[in-house]
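In: I would like the atomic coordinates for the input below:
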Amino acid sequence: MYVAVTGRVAAPAMASSTIAWARCSRPTPVFQRQSRREATGSSTFIEQSSRIKRRLVPVSWVSCFLPSPPEGVHMSRLSRLIPLAALALLLIVPVAHAAKKPPIRLAIEAPITGPQASNGIDMLRGVQLAVRQVNAKGGVLGRKVVIVRGDDKGDSANAVAVAEDVIAEGPDAIVGPYNSSVGLLNLPLYRKARVVPIWLTSNTNTQGQGITLQPMNSQVAPQEAKFLLGKGYQKVTILVDTTANGAYTKGIATRLRRLLEDKGVTVNWVQIVETADAPPGYYAAKVAEALATSPDVIYSSTYFPEGVEIAKAIVADGTSTPCHMSLGNIDAGFVSGAGIPTSQRCTFTGVPEATKLSSAKRFVKDYRKAFKTDPGVWGVFTYDSANAYFRAVRRTHSTNYTKVLKELRKMKNVPGQTGKITIDPKNGYRKTLPFLAVLRVNSAGDFVVNTGS
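Out: I've put the predicted structure just below:
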């Protein structure tokens, strides 16, 4: 039998006149175990300090540290074992304490405040729910998960600073960012720092190491073209945000224009700015400019704050020209900002809210219980993203950047609350998008599949 000896052992507090220490001529065998270090993103967590020396000592030699009984006093076998056991327990406790495992750090970057906050808060809650649930079961590989927040406000001007702050917290992985203009600038920083990215951006230039569970522009544009061509539209005018924060909007509009023009459709292009930079009457003037081209349909390639203003301007004009909104407009904030009647004036490309996904029933129930409100559109995707990362860590028994990346790209028919997940190992995209559809807003203000498409 062996016990662990850590550091120095103090002599029992007994009168020196009654103590006769046993002399041990045989040296104690010493085995020093170096701590196991596991790289976790930009920082390194150490499971046990390398300064702690662990000695594995035969029980018989531990008695060398115990006092001999006073002369003439006989000690029974049990009497000798009691102090021996107590000493062994005291020596083992520091080692157990040193072996406490560090947490896994999972970052979420989203527009948690600012014009797109309703979207960002839903994304944050999706990660929070996944983390609460996994921690309630003991964490991942016995390690608790903690969340690192990054709030970029949906503005590319904040991209680098937010990423630097997040990286300084030593995350193992990140869910996000959401806005493509932000991701173009800071996803390379996360990858350089070896933070596993599960990105939420759609612009194809944001792809790279990692995966995404959300639609990419190259997957969305063909479906939009199919819908518009199916309607027989021959003249399409695109209102497009081409500002510094318009990487997604410009990217999807460019792809759609190419697909439509290849089929002989005339496409006109009207540039717009974000709401923060728009003077009074700006969007009404831009809608009038679009209508002056006599389009069969107006296509709005924007995020929802701008989409709201465009929809209002179309209704105010009184035109009968239909309008179609791109993926970035799918948010409860669109309906609350424009109102239900105005929202019903347009169709949308996107994903229904989680409450309308048959695969997300458990998520919706748990989300309502946790946050006392219904989930939006993208929270269920961040929930699945977090759980995809936890799964990869379990399967690799590691948070090692390279190992986890490789495991994530091997996902095939993995059940999720957004449906079954299969990742293309070549680019990290989700192979099938059964949830992507043409939507409309119903009388309750919910995004639902447009059965007339």
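
In: what helix or strand is residue 395 on?
Out: Element membership for residue 395, per DSSP states H and E: helix 379-396.

In: report the central residue of the chain.
Out: Closest residue to the average C-alpha location of the chain: residue 175 at 2.1 Å, with C-alpha atoms, centre = their mean.

In: and it, how far from residue 220?
Out: Residue 175 sits 20 Å away from residue 220, going by C-beta to C-beta, to the nearest Å. Glycine gets a C-beta too; all of them are placed from N, C-alpha and C.

In: now do residue 118
Out: For residue 118 relative to residue 220 (C-beta to C-beta), the value is 21 Å.

In: same question for residue 418.
Out: For residue 418 relative to residue 220 (C-beta to C-beta), the value is 15 Å.

In: and for residue 231?
Out: With C-beta to C-beta as the criterion, residue 231 and residue 220 are 17 Å apart.

In: show me where the protein has its helices.
Out: Taking DSSP state H, the helices of the chain run over residues 59-62, 77-98, 117-136, 159-168, 180-192, 217-230, 247-261, 282-291, 304-317, 332-338, 340-343, 361-371, 379-396, 401-408.

In: ends of stretch 126-144, what's the gap?
Out: 17 Å (C-alpha to C-alpha, to the nearest Å).

In: so what touches that stretch?
Out: Identification of contacts with stretch 126-144 by C-beta atoms under 8 Å, 6 or more residues apart in numbering yields 101-104, 106, 108, 145-147, 175, 363, 366-367, 370-371, 375, 378-383, 385-387, 390, 393-394, 397.

In: still on that earlier bit, more crowded one of residue 118 and residue 220?
Out: Taking other C-beta atoms under 10 Å, residue 118 and residue 220 do not tie; residue 220 has more neighbours (23 against 17).

In: so the more buried one sits against residue 437, correct?
Out: No: contact between residue 220 and residue 437 fails when scored by C-beta atoms under 8 Å: they sit 10.9 Å apart.

In: shared neighbours, those two?
Out: By C-beta under 8 Å, 6+ apart, the residues touching both residue 220 and residue 437 are residue 349.

In: how far out from the middle of the chain is stretch 371-386?
Out: 11 Å (C-alpha atoms, centre = their mean, to the nearest Å).

In: meant to ask about stretch 260-272
Out: Offset of stretch 260-272 from its chain centre (C-alpha atoms, centre = their mean): 35 Å.

In: ends of that stretch, how far apart?
Out: 21 Å.

In: buried sites along it?
Out: Going by neighbour count (16 or more other C-beta atoms under 10 Å), the buried part of stretch 260-272 is 260, 265, 267, 268, 269, 270, 272.

In: narrow the residues you listed to those in strands?
Out: The strands, defined by DSSP state E, take in 267, 268, 269, 270, 272 from the buried residues of stretch 260-272.

In: kindly reformat those residues as CSV containing distance to residue 132 and pLDDT.
Out: Below are these laid out as CSV (distance: C-beta to C-beta, whole Å; pLDDT from 0 to 100):
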residue, distance to residue 132, pLDDT
267, 47, 99
268, 49, 99
269, 46, 98
270, 45, 98
272, 40, 97
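
In: quick one: contacts of stretch 387-400?
Out: 38-41, 104, 106, 130, 134, 140-141, 145, 172-173, 175, 196, 198, 211, 213, 403-404, 406-408, 411, 414, 416, 421.

In: now, of these, which are buried?
Out: Listed as buried from these are 40-41, 104, 106, 130, 134, 140, 145, 172-173, 175, 196, 198, 211, 213, 403-404, 407-408, 411, 416, 421; burial here means 16+ other C-beta under 10 Å.

In: among those, which ones are in strands?
Out: Judged by DSSP E, the subset of the buried ones among the contacts of stretch 387-400 located in strands is 40, 104, 106, 145, 173, 175, 196, 198.

In: wait, which of these is closest to residue 280?
Out: residue 175 (37.9 Å; C-beta to C-beta).

In: what sits against the closest one?
Out: 106, 107, 108, 109, 123, 127, 198, 200, 382, 385, 386, 389.

In: residues near residue 370, how many?
Out: 14.

In: does it touch residue 363 like I think?
Out: No: if you go by C-beta under 8 Å, residue 370 and residue 363 don't touch, sitting 10.3 Å apart.

In: phi first, then psi, for residue 412.
Out: Here is the backbone geometry of residue 412 (degrees, to the nearest 10): phi -150, psi 120.

In: now do it against residue 211, distance only.
Out: 12 Å.

In: identify the contacts common to these two.
Out: By C-beta under 8 Å, 6+ apart, the residues touching both residue 412 and residue 211 are residue 423.

In: returning to that earlier point: TSV for the helices of the chain, including distance to residue 426 and mean pLDDT?
Out: Formatted as TSV, the helices of the chain follow (distance: least, C-beta to C-beta, whole Å; pLDDT from 0 to 100):
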stretch	distance to residue 426	mean pLDDT
helix 59-62	59	43
helix 77-98	44	51
helix 117-136	26	98
helix 159-168	26	99
helix 180-192	17	98
helix 217-230	13	97
helix 247-261	19	97
helix 282-291	38	98
helix 304-317	32	97
helix 332-338	34	95
helix 340-343	38	98
helix 361-371	29	99
helix 379-396	18	99
helix 401-408	13	98
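
In: ok, which of the ones you listed comes nearest residue 430?
Out: Smallest distance to residue 430 across the helices of the chain (C-beta to C-beta): 8.2 Å, for helix 217-230.

In: what does that closest one contact?
Out: By C-beta under 8 Å, 6+ apart, the residues outside helix 217-230 that reach it are 202-204, 236, 248, 251-252, 255-256, 259-260, 263, 265, 297, 299, 324, 326-327, 347, 349, 429, 433, 436, 438, 453.

In: tell me the buried residues in it?
Out: For helix 217-230, the neighbour count (16+ other C-beta under 10 Å) marks 217, 218, 219, 220, 221, 223, 224, 225, 227, 228, 229 as buried.
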